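Asker: here is a sequence together with a model predicted from it:
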Amino acid sequence: MDPDSVTRSEKFSATFLRTLLLFIVVFSLFSCSKRDKWVEADPAFSRYIDAYTTGIVSKASSIRIQLAGTVNTTHALGEEVRESLFD
């Protein structure tokens, strides 16, 4: 194809597509480099808590906390707790 026979809209279209492709590649490189921050547990809680749920937890799933010592309970196992246990 003769370069003189290429229309102005075809040149614009080709330039636009190249620019768009470059933008997509650059955006993909920077968006993929996002690092998740690891949240460290406060060691002061180790007196009270033996184990807890870690990793990525769905908002629909439950979290489990295993306390280090015995606790005076006001409810039966599996029963919903009505009072505020944590502050």
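Answerer: Arrived safely, thanks for sending. Numbers count the residues shown, from 1 in each chain.

Asker: please enumerate the helices of the chain.
Answerer: 8-32 (DSSP state H).

Asker: can you list the low-confidence ranges for it?
Answerer: Scanning the chain for pLDDT under 70 picks out 1-6, 33-36, 71, 87.

Asker: show me where it has strands.
Answerer: 49-52, 65-67 (DSSP state E).

Asker: out of those, the one nearest F30 is which?
Answerer: strand 49-52 (33.9 Å; Cβ to Cβ). No exception for glycine: its C-beta is placed from N, CA and C like everyone else's.

Asker: and that closest one, what's buried?
Answerer: Within strand 49-52, no residue counts as buried by 16 or more other Cβ atoms under 10 Å.

Asker: elements contacting that strand?
Answerer: The contact analysis (3 or more Cβ pairs under 8 Å, 6 or more residues apart in numbering; DSSP states H and E) places strand 49-52 against strand 65-67.

Asker: how far off centre is the strand it packs on?
Answerer: Centroid displacement of strand 65-67 relative to its chain, using Cα atoms, centre = their mean, to the nearest Å, is 24 Å.

Asker: cool, and stretch 32-47?
Answerer: 13 Å.

Asker: hang on, the earlier thing: which one of the strands of the chain lies nearest to T73?
Answerer: strand 65-67 (10.6 Å).
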